[in-house]
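Please find the sequence and the predicted model below.
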Amino acid sequence: MPKELTNKQQAFVDAIENSTNKQTYNNALESAREAGYKGNNRTLASVGSENLTKPNIILARQAIRAKKQARVEHNYETAITELNQVIANLTTQALAGKIPANRALIAAMAEKNNITGLHSQTIRHRDEPVPERSEAEQQALAETAHDFKLKLAQG
């Protein structure tokens with residue numbers, strides 16, 4: 001069982017995973033410097049590299065990444081739920097004649113852009129790539145858009 005992190009190791013993990021400084025984020029040398037390790041660049045690079053191989057540091061980084069991923073998944077599910085509610089509400093209003101159908105469509109598409117923009121911002125944690133949507137997610141979004149278009153055409 002890996003031992004607990006020292007204060008410097010915890011500071012290193014925080015710097016390499018959570019730093020808002022682009023030079024430090026995911027940079028072992030700069031993270032070692034920020035964590036308080038002493039030495040020249042060669043020494044700090046060596047310390048940082050060594051830290052990245054320690055089991056307790058690996059586990060701490062994995063835990064941070066798992067928490068980030070859980071937040072991303074929660075935010076994405078919330079955004080999709082809100083998008084579906086907005087589209088349903090606007091479709092109902094358009095079909096009831098409360099607002100013109102084209103205004104409802106424009107409002108729904110604007111909301112979709114807001115929510116999918118939120119999704120991209122939430123997932124993009126600094127320089128990490130944006131994961132692809134699964135086939136099921138793409139299909140669900142396509143079906144929602146298709147149903148919305150059908151309802152508008154009927155109204």
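Looks like it came in fine.

how much space is there between residue 140 and residue 94?
22 Å (Cβ to Cβ, to the nearest Å). For glycine as for every other residue, the C-beta is placed from the backbone atoms N, C-alpha and C.

Could you list the domains of the chain?
7-53, 68-154 (automatic domain parsing).

Quick check: residue 60 vs residue 47, distance?
Residue 60 is 16 Å from residue 47, by Cβ to Cβ.

follow-up on the earlier one: for residue 140 and residue 94, indicate the residue with more neighbours.
residue 94 (22 against 14; other Cβ atoms under 10 Å).

The more buried one: which element?
Using DSSP states H and E, residue 94 falls within helix 55-95.

Does anything pack onto that helix? Which helices or strands?
helix 7-18, helix 101-123, helix 135-154 (3 or more Cβ pairs under 8 Å, 6 or more residues apart in numbering; DSSP states H and E).

and these, which one is worst for confidence?
Note on these: lowest mean pLDDT is at helix 101-123, with a mean of 61.
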